[in-house]
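Student: this is a predicted model, with the sequence first.
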Amino acid sequence: MNRQLFLIGLLSVSTAVASDTPEANHHVSDQLALEDVVGGDPVLLGLQKQLDSQRRINVKKEFDAGDLENALRRLLPLEASQRTQAGHQVKKSPKAFFASTRRWVEDDPKDKNRKITGAFRHATGRLYIPVCWVNPTEHNARGRKIVEQAVKGSWEHHGLVRFIGWGKTCDDADREIGIKIEINDVRPNSKYGWDSANHYPSMQLNFTFDNFLPSPCKDTSEKLHHCIVAIAIHEFGHALGFIHEQDRDDRPEWCWALKKDEMVVPSEQLKAKMLTDWDQFSIMDDCSSIYTRLAQLSDCDIAAYHKEYGAPSKMPHRPKCKLRP
């Protein structure tokens, strides 16, 4: 199939930034929308129908009602094993990236060779990672609260990691530990895993999209609120160590249609490894319009998350996704 038929001009609203090598910087500007795929491929068209049929929430409405976190928890994880409405099984290929050398672990002050990141583990097995805001204001208070609830209703809900300090303004003591979030009208980005502790800020989130245009997030108030949630879940995935899935060289042909020079191979220092088969519905995959469509983790996202950080004794969702050896 001619790759030129796949190209569209829909702007992606998120990117990951690996901090240790320049070539690992991401600047993906085009995003593939499955509805624009030409050629009548039944698998892709079926995927589109599946994505369109997923239950969605009105983030603004749920937040105003004080129920956003619970609304996110009620969303069922998306499963790549589902059959498309066209009757075809979703094609799988090796996917699901994790920067294994950037996985957060509890600090060990006795180990002089290991970076102190601020992470600590509780007797319950939960791993606590500090979070602070670089530039909190009354103007961005709503967006900050939405981000907190988005993370609590997704990563925290499905695993053992807990982020603490949501109400804290970063001070000098925070510059070399934890996750430091700056609100800025730029392309959202985050460092991988514990490398967040080496950078100030370590994550940038956008609540307005006034200057970072064009963007579907600016179309309506509902889309803006939805984008804040989806981007927060995506960027905190990077902050946990997850890498964009489309940066694999074996991504499917329709995803490959994105500009080659805007996809990267993660640096060798990250020791990127495959945890699951490729998952079209991953919150870490920029090849479909996740920011305006989805706001939950996929089944394979959760399986990989449990692999790296442990699974809670009472799992709200038991993933069916098979882990790779």
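Tutor: Nice, thanks for sending it over.
Student: who are the packing partners of the biggest helix by length in the chain?
Tutor: The longest helix of the chain (DSSP state H) is helix 221-240. Helix 221-240 is packed against helix 59-64, helix 141-151, strand 189-190, strand 203-205, helix 290-293, helix 299-309, with contacts defined by 3 or more C-beta pairs under 8 Å, 6 or more residues apart in numbering; DSSP states H and E. Placement of C-beta: from N, CA and C, glycine included.
Student: what's the last one in contact with?
Tutor: Taking contacts as C-beta atoms under 8 Å, 6 or more residues apart in numbering, the residues outside helix 299-309 that touch it are 77-81, 96, 98, 100, 103-104, 127, 155, 158-161, 237, 240-242, 275-277, 279, 281-284, 297, 317, 319-323.
Student: write a PyMOL command that selects only the buried members of the residues you listed.
Tutor: Here is the PyMOL command that selects the buried residues among these (16 or more other C-beta atoms under 10 Å):
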select buried, resi 77+78+79+80+96+98+103+104+127+155+158+159+160+161+237+240+241+242+275+276+277+279+281+282+283+284+297+317+319+321
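Student: so which of the contacts of helix 299-309 belong to helices?
Tutor: Per DSSP H, the contacts of helix 299-309 map to helices at 158, 237, 240.
Student: show the contacting residues for the last one.
Tutor: What it means is Leu240. Neighbouring residues of Leu240 by C-beta under 8 Å, 6+ apart: 103-104, 155, 161, 193, 305, 308-309.
Student: still on that earlier bit, just the C-alphas of the longest helix of the chain, formatted as PDB.
Tutor: C-alpha atoms of helix 221-240 as PDB (Å, rounded to 0.1, in the frame of the first residue of the first chain):
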ATOM      1  CA  SER A 221     -14.100  23.000  26.400                       C
ATOM      2  CA  GLU A 222     -14.900  19.300  26.700                       C
ATOM      3  CA  LYS A 223     -12.000  18.400  24.400                       C
ATOM      4  CA  LEU A 224      -9.700  20.600  26.300                       C
ATOM      5  CA  HIS A 225     -10.600  18.900  29.600                       C
ATOM      6  CA  HIS A 226     -10.300  15.500  28.000                       C
ATOM      7  CA  CYS A 227      -6.800  16.300  26.600                       C
ATOM      8  CA  ILE A 228      -5.600  17.400  30.000                       C
ATOM      9  CA  VAL A 229      -6.600  14.000  31.400                       C
ATOM     10  CA  ALA A 230      -5.300  11.900  28.600                       C
ATOM     11  CA  ILE A 231      -2.000  13.700  28.400                       C
ATOM     12  CA  ALA A 232      -1.500  13.500  32.100                       C
ATOM     13  CA  ILE A 233      -1.900   9.700  32.000                       C
ATOM     14  CA  HIS A 234       0.400   9.500  29.000                       C
ATOM     15  CA  GLU A 235       3.200  11.700  30.500                       C
ATOM     16  CA  PHE A 236       3.100  10.000  33.900                       C
ATOM     17  CA  GLY A 237       3.500   6.700  31.900                       C
ATOM     18  CA  HIS A 238       6.800   8.200  30.600                       C
ATOM     19  CA  ALA A 239       7.600   9.400  34.200                       C
ATOM     20  CA  LEU A 240       7.300   5.700  35.300                       C
END
